[in-house]
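Asks: Would you be able to build a 3D model of this:
(5 chains, ligands or ions: 4)
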Amino acid sequence: MSFISYLINGISLGSIYAIIALGYTMVYGIAKMLNFAHGDVIMIGAFVVLNMVTLAGVNPIIAVLISMAVCTLLGMAIEKIAYKPLRNASSPLAVLITAIGVSYFLQNLALIIFGADAKSFPNLITLPSISLADGKLVITGTTIATIITCVIILLGLTFFVNKTKQGRAMKAVSEDKGAAMLMGINVNATISLTFAIGSGLAAIAGFLLCSAYPSLTPYTGAMPGIKAFTAAVFGGIGSIPGAMIGGILLGVIEILGKAYISSQVADAIVFAVLIIVLLVKPTGLFGKNIQEKV
Amino acid sequence: MKALEVKNLCISFGGLRAVQGFDLSIEKGALYGLIGPNGAGKTTVFNLLTGVYKPDEGIVKLEGKDITGLKTTAINRAGVARTFQNIRLFKDMSVLDNVKAALTDIYKYSTFAGIFRLPSYFKTEKLMNEKATEILEVFDLDKEKNILASNLPYGKQRKLEIARALATNPKLLLLDEPAAGMNPNETIELMNTIRFVRDHFDITVLLIEHDMKLVSGICEELTVLNFGEVLTKGKTSKVLNEPAVITAYLGE
Amino acid sequence: GKKEDSDNGGSGSSSDESVFKIGGIGPLTGEAAVYGVAVKNGAELAVKEINEAGGIDGVPIEFKMEDDVHDAEKSVNAYNTLKDWGMQMVMGTVTSDPCIAVQSEAANDNIFLLTPSGTAVDAIKGPNAFRVCFSDPDQGTKSAEFIADHDLGKKIAVIYDSSITYSKGIYDNFVKEAKNQGLEIVSAEAYTTDSNKDFKVQLQKAKDSNADLLFLPIYYQEASLILKQADAMGYAPKVFGCDGLDGILNFDAEGTEGVMLLTPFVANADDELTKHFVESYKSSYKETPIQFAADAYDAIYAIKAAAEDAKITPDMSASDISDKMQASMLNIEVEGLTGTIQWKEDGEPNKEPKAVIIEDGEYQSLD
Amino acid sequence: MKKKISNNMITYGMILLFYVIMQVMISTGSISSLLQGLLVPLCMYAIAAVSLNLVVGFSGELSLGQAGFMCVGAYASAFFTKLTEETLPEGPRFLIAILIGAVVAAIFGFLIGIPVLRLRGDYLAIVTLAFGEIIKNLVSVFHVGVDKSGIHFSVKDAASLNLDEEGRVLIDGPLGITGTPKNANFTIGIILLFLTVFIVLNLVNSRSGRAITAIRDNRIAAESIGLNVTKYKLMAFVISTALAGVAGVLYSHNLSTLNVKFFNYNTSILILVFVVLGGIGNVKGSIIAAILLTALPELLRELQDYRMLIYAILLIGMMLFNWAPSAIAFRERVKDKFKSNKKEAA
Amino acid sequence: MAMLKVENLDVYYGIIQALQGVSFEVNQGEVIALIGANGAGKTTTLHTLTGLIPSKKGRIVFEDQDITKIPAHKIVEMGIAHVPEGRRIFADLNVLENLKMGAYTRKDKGEIEESIEQVYKRFPRLKERQSQRAGTLSGGEQQMLAMGRALMSKPKMIVMDEPSMGLSPIFVNEIFDIIQEVSAAGTTVLLVEQNAKKALSIANRAYVLETGKIVLSGDADDLLNDDSIKKAYLGE
Ligand SMILES: Nc1ncnc2c1ncn2[C@@H]1O[C@H](COP(=O)(O)OP(=O)(O)OP(=O)(O)O)[C@@H](O)[C@H]1O
Ligand SMILES: Nc1ncnc2c1ncn2[C@@H]1O[C@H](COP(=O)(O)OP(=O)(O)OP(=O)(O)O)[C@@H](O)[C@H]1O
Ligand SMILES: [Mg+2]
Ligand SMILES: [Mg+2]
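Replies: Ligands and ions are numbered 1, 2, ... in the order given. As a prediction, the model looks like this:
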């Protein structure tokens, strides 16, 4: 019985990683950059929801929508100011470092605006929890909401990227920006849209993250960001289903590692599994192993 | 002994049989051509010969020694060097260093000697410079030896690739479309260079080319590939006049 | 220092000779910023009060706090910056590891150091270093004693942060003392700062071990998550914690009913001193002070008391000040927010811990 | 060729000049405590940055685990120093400690490098990051003590080491190692930095270095000319980790506390920031960037709460200025104008 | 009335000047060849034309509209298609998807299928390989795809950068036939070629580029018989 309950724990933790990883992988897949500031956009999103609800007394759903709008604009602004000028830089690492700069910036901005102390995040998800086996197994409303949201986003993104014109434009841009322009694709707008979507998702992720673990500081996004990055790589970075599966697996491994091996070295276990998976499958679970044609 | 002997080479990609039952046998010191329509499998043959792909079937022998299925690195050590259809230079290195990189395992000193600048470093580096310069002179690249490879004009980049391949001291040199992107004058110059290299360095050359002026100008024998299979082979003049080759490849 | 005037509690624009320069060091940015900021606020409040009341024997205090991002190396940088500023005494550092590094520098330079909240044993290794808070071993030992004395439970489960000195330090000593007190540790599960969100596994194990009491030698942010997750699991153990739990009521009172903690400071205590402090803190900083702020407040008053006892003057060298202060620290008794404190030779404070229990969202004395 | 040599000379000269200026300032007492305290860390960061540049710049692999190797070097050497604190004289002891730090880090680099270097790009990055975190996580559960009966070891707590009366705990879990003597000083730091630069520059300009850069530029072509990709990649990686270990030694022998917390991915990333900001493959740039970005937050202290915010903005600004193609074009134009002006003036 | 008018173009890469005062004209329905040695600036000219790189000076007018500062994707919408040097096909997409990308700007959804069939008719090999990942096509196959993809936008004018590079002799002829067909169907063609002889033989007029400057221009037939051209570019 405890195994199943651990499994459920793992899935609920993993679903949080998954939802963050989806945003990560979306941006990576198109813009081919590791947006290290993604975790911090999540944090900003959560602060927006918190302040809307507690200070302005806004309805939670509207608060989340406002937060999505704020994050979308923030994401687009970051892209325009900090990333776009480096798009044609001679090394892709340049924009990675700038993303780190943006991450520091957002953390310290939040520190000044919202203060250093942890804020308790209100419980805004009113979905009832499910009790199984005479209450021995409980799936909380937040977990259910997270998983449902995750699946919706997964399906939505998959449809969007594969079936819409904008989605196809994204694929083209991700491969060769010059050639994409020659197809008549507005590359700037497409990348901007990618960041808009990724950051909008970050707002949702921030809300769900803080609903599940209701403690919010300017640094709340950092570690989940890294874990989600790990999850995205685990699933094959750039792959949308990979991010979801990677996230959930990561959560499950973390919980089972804690439960059955050692809670002190749970982090090491997670990373060790990641390494083993990558050694066996160098491009992650769902990553395409593309051989360069010689 | 033949320079190269290939028997029944096969490879498929998914369902696509890219190369089927490919046989080839080249005399030492020959200048041999591999031609065929686009997508016939010529580059794939090169990739099989150099270990980039492992053949599904078949045997490759270099001067009698079986090199089938070896790694690219080992095959080069055994004596096969190549150029690429899409140029692959060490872009951020100087022209001279591109060639010296190819001399890495020919002129040796220990890494320790390199770091701490022991006498063997200076002695060997001097030899390497001389050797590399000598090769660059053949290709008329010695004046550009200190500029970055990526700053060379296209034609010279192709030549540098040949020079680099040559520096590994090969028995067999594989050239994949060496004249692509060159204008007629440059092509003529290249033909002379290839001939000179073959004679001067005492090697065997196998080349892929679509420029018939070059093929008929320097190749002694040809194999024609079509849909992954050998269409015909023989003396250049004879092959180029075969109706099958004309319909499949040459046109008119 | 011209610019500092605005934020050092109004020390006046005195020249270097006529002020005592006290340097504060702690994390004002980074993940531990909440503790550093609390210390800064508490200390500034005390400095302001003292200066308004005429300073230390008529000499005002100038206080300057530098950020160390909770990093030992940056802490030493902050210390050196303050030295360049002319610091005569250190009030810091806030967190343990940086404090170990800084106190070793300060011992070399012979500068007097009083840490409000550095709990590690080595944080006050030198003869020049003292502290206001309890040390980790103290808290671990006292917790075990208290639990045994008050018969709160025989079988104990522990959840602690194995990656931070504070929590690990208390845990280790708790385990040691528990044995002496005849307590049985039935489950001891760790977590790390890198995975401090989900505690269901640790809770499940505590639950399965049929413990009478859950001991949480951790900080309140994680404790709050633990309590909520326990609640969601339908697990309602008796909970006992240390001073790190203080602050939990301001953070989120949900699920804290019945939690007991050993803390020297209780923000809703009804003695005049606390009331006054909490009130002025709230009016200055718009939040309820946590124990770190109280420790810092006491630290400044302790410095005042010792300085007055030592009869030091601002024109003395930092080293002379240190020598005198060291001696005087052993003479003074401070009626502080965190208790009535005397100091021992080794720099440790001698004070009584208070144990409280949360009832109706308020601390109630447990004794 | 000539240009490269003179460029290297500038790098060495710069280090020497820095040393001389600092020494003069120290001996005349005109150096601030802050700057004096920063000297060893500056050397440490510079060494770490140069060592990472060997992997990122010359070998072309993205490694996010450099702090993990610094951690290994720091712990191994500090452990040795503490162990022999009473038995060995300070000078030789520190020398051996440096060697131990380098060798142990190199061993870890080798063991980790073999499986991991098969991966590419971002996948390699995440795996090195993962290894860094694993090292950090594992090291923080170690408790090691020593008494008359030898070295004791536990992953539980210090108490279960069962040391006798005289016993000392050397590594105490998350508390790490405290009280390591402060053996590192500026002169040693500069010597080690000098040595690091010497090793990296000479390696790069040698036979193996050419192979390493060739593999970076085009792996397939490198294989086609007979270069053993694994061997050379591993060589760069192991030398880099050994040097990172040396940086770790400086760290642990400069502060009296050693704790794994410092060696997390943030530090690895910070070192990467130095490398990229200074120019990938540019050793001199790595050193300058390391010094600049280490000193910057200290210089910004006056800004109080806005310090790190301004730091972030400056970092972004510098990155854009250094890397954005439009900024590069602008700089070149200005340089060009400046040159032609000078010519006209002459 | 010229369909495309290029006036006094100056283009720089950093501080290196790649084009100096390049001017030329293309009339509706013409086939214009642009020839020149390696590094002369042919590719640069085409890139500037379709907005991939900015010009420092000069003006480009297409159908009476100044397009000098217009972004590349809008220029495509206006009816110029570009077959870029090095093919630049989307390696990760399959052949069919690549072709569909070519029709990105088209609004007439229903007719896209038809255009695909037309391309397949011209390049039967592409039909055989329609679901192969484009990156694994042979060099020549990729060239066909690049050409087919450009045609998918139904351009008024098509600019091609060395379309015959790497093609087999029979296919070089075929490509030139196709260019003529495209031209005959009403599309204006601007052709950059290393194979000057072939290019001149199908072109109406030609311009010769040398180190960033137009040094010669005229009727293609005249140039074909020009001695200096023969020597420099035709290898005779
Ligand atoms: N890695 C691969 N995966 C799938 N198909 C491949 C791969 N490599 C080559 N092919 C296919 O094999 C066939 C032969 O390709 P190859 O590159 O050898 O042709 P080629 O004769 O060199 O043609 P060209 O003259 O155009 O360069 C082509 O149809 C190509 O699409
Ligand atoms: N991205 C670039 N950066 C710097 N210089 C460049 C760049 N692209 C081209 N050049 C330079 O500009 C000049 C013109 O190049 P361009 O590619 O236009 O020549 P081309 O006529 O197309 O030659 P080819 O026949 O080789 O394709 C050359 O000297 C080239 O080295
Ligand atoms: Mg080919
Ligand atoms: Mg060109």
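Asks: CA only for contacts and neighbour counts going forward, please
Replies: Fine.
Asks: got a list of what whichever residue of the stretch 51-200 of chain C sits closest to ligand 1 touches?
Replies: Going by C-alpha to the nearest ligand atom, ligand 1 is nearest to C:Asp194 of the stretch 51-200 of chain C, at 42.5 Å. Taking C-alpha atoms under 8 Å, 6 or more residues apart in numbering or on different chains, we find C:Asp194 in contact with A:223, A:267.
Asks: Return the distance of it relative to chain B.
Replies: Noted for C:Asp194: a distance of 40 Å to chain B, by C-alpha to the nearest C-alpha, to the nearest Å.
Asks: what do you get for C:Ile358?
Replies: 68 Å.
Asks: Bridge partners for that residue, pull those for me.
Replies: The bridge-partner assignment for C:Ile358, based on DSSP bridges, gives C:Tyr363.
Asks: for stretch E:54-64, which positions count as buried?
Replies: Buried residues in stretch E:54-64, counted by 16 or more other C-alpha atoms under 10 Å in any protein chain shown: E:54-55, E:58-63.
Asks: Dump those to JSON lines, plus secondary structure.
Replies: JSON lines is the format used below for the buried residues of stretch E:54-64 (DSSP: H, G, I helix; E, B strand; the rest coil):
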{"residue": "E:Pro54", "secondary structure": "coil"}
{"residue": "E:Ser55", "secondary structure": "coil"}
{"residue": "E:Gly58", "secondary structure": "strand"}
{"residue": "E:Arg59", "secondary structure": "strand"}
{"residue": "E:Ile60", "secondary structure": "strand"}
{"residue": "E:Val61", "secondary structure": "strand"}
{"residue": "E:Phe62", "secondary structure": "strand"}
{"residue": "E:Glu63", "secondary structure": "coil"}
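Asks: E:Leu49: what's it in contact with?
Replies: By C-alpha under 8 Å, 6+ apart, the contact list for E:Leu49 reads E:60, E:68.
Asks: make it 10 Å
Replies: Residues near E:Leu49 by C-alpha atoms under 10 Å, 6 or more residues apart in numbering or on different chains: E:4, E:6, E:9, E:43, E:55, E:59-62, E:67-68, E:72, E:75, E:80, E:82, E:159.
Asks: for it, phi and psi?
Replies: Per-residue torsions, E:Leu49: phi -60, psi -50 (degrees, to the nearest 10).
Asks: Next one: it from ligand 2, what distance?
Replies: Going from E:Leu49 to ligand 2 by C-alpha to the nearest ligand atom, to the nearest Å gives 12 Å.
Asks: for A:Thr25, same thing?
Replies: According to C-alpha to the nearest ligand atom, A:Thr25 stands 30 Å off from ligand 2.
Asks: In this model A:Ile240 seems to touch that residue, though I could be wrong.
Replies: Yes: between A:Thr25 and A:Ile240 there is a contact under C-alpha atoms under 10 Å: 6.6 Å.
Asks: which stretches of the stretch 51-200 of chain C form helices?
Replies: Per DSSP state H, counting those that start in this stretch, the stretch 51-200 of chain C carries helices over the ranges C:72-85, C:96-109, C:136-149, C:165-181, C:200-208.
Asks: can you list the buried residues of stretch E:54-64 in TSV and add pLDDT?
Replies: Listed next are the buried residues of stretch E:54-64 as TSV, based on pLDDT from 0 to 100:
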residue	pLDDT
E:Pro54	91
E:Ser55	92
E:Gly58	93
E:Arg59	94
E:Ile60	95
E:Val61	95
E:Phe62	94
E:Glu63	93
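Asks: which one of those residues is nearest chain A?
Replies: Taking C-alpha to the nearest C-alpha as the measure, chain A lies nearest E:Pro54 of the buried residues of stretch E:54-64, at 13.2 Å.
Asks: Report the contact partners of that closest one.
Replies: If a contact means C-alpha under 10 Å, 6+ apart, then E:Pro54 has E:10-13, E:47-48, E:68-72 as its contacts.
Asks: What's the PyMOL line that selects buried ones from those residues?
Replies: In PyMOL, this line selects whichever of the contacts of E:Pro54 come out buried by 16+ other C-alpha under 10 Å:
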select buried, chain E and resi 10+11+12+47+48+68+71+72
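Asks: Now the two most distant members of the contacts of E:Pro54.
Replies: For the contacts of E:Pro54, the maximum inter-member distance is 19.2 Å, found between E:Tyr13 and E:Ile70 (C-alpha to C-alpha).
Asks: residue closest to the middle of chain E?
Replies: Taking C-alpha atoms, centre = their mean, the centroid of chain E lies closest to E:Met160, which sits 1.4 Å from it.
Asks: can you confirm that residue is in a strand?
Replies: Yes: assessed with three-state DSSP, E:Met160 lies in a strand.
Asks: could you show me where the helices are in the chain, in order?
Replies: Using chain A. Here chain A has its helices, by DSSP state H, at A:2-31, A:38-54, A:60-78, A:93-114, A:141-163, A:165-175, A:177-182, A:187-212, A:222-235, A:240-260, A:266-280.
Asks: my bad, the chain I had in mind was chain B
Replies: B:42-49, B:72-78, B:95-102, B:111-115, B:119-138, B:154-167, B:184-201, B:212-218, B:236-239, B:243-245.
Asks: Of the ones you listed, flag the one that's most buried.
Replies: For the helices of chain B, average neighbour numbers computed from mean count of other C-alpha atoms under 10 Å in any protein chain shown are highest in helix B:95-102, which has a mean of 29.
Asks: how about low-confidence regions in the chain?
Replies: In the absence of a named chain, this looks at chain A. When residues are selected by pLDDT under 70, those of chain A lie in A:1, A:135, A:289-291.
Asks: Chain D, not that one
Replies: Applying pLDDT under 70 to chain D flags the ranges D:1-4, D:343-346.
Asks: which residue ranges form the helices in it?
Replies: Counting by DSSP H, the helices of chain D are D:2-27, D:33-53, D:66-83, D:90-116, D:121-139, D:186-204, D:207-217, D:219-224, D:229-252, D:265-278, D:283-299, D:307-323, D:325-345.
Asks: Now render those helices as TSV, adding mean neighbour count.
Replies: Shown next, in TSV, are those (neighbours: other C-alpha atoms under 10 Å in any protein chain shown):
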stretch	mean neighbour count
helix D:2-27	14
helix D:33-53	26
helix D:66-83	29
helix D:90-116	20
helix D:121-139	23
helix D:186-204	20
helix D:207-217	27
helix D:219-224	24
helix D:229-252	28
helix D:265-278	25
helix D:283-299	21
helix D:307-323	21
helix D:325-345	13
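Asks: Filter the contacts of E:Pro54 down to the ones in strands?
Replies: Among the contacts of E:Pro54, the members falling in strands are E:10-13 (criterion: DSSP state E).
Asks: from those, which is closest to chain D?
Replies: Closest approach between the ones in strands among the contacts of E:Pro54 and chain D, by C-alpha to the nearest C-alpha: E:Tyr13, at 8.4 Å.
Asks: Give me the distance between the closest residue to chain A within the stretch 51-200 of chain B and B:Leu225.
Replies: Residue nearest to chain A within the stretch 51-200 of chain B: B:Phe84 (7.4 Å; C-alpha to the nearest C-alpha). Counting by C-alpha to C-alpha, to the nearest Å, the gap from B:Phe84 to B:Leu225 is 18 Å.
Asks: Sweet, I'm off.
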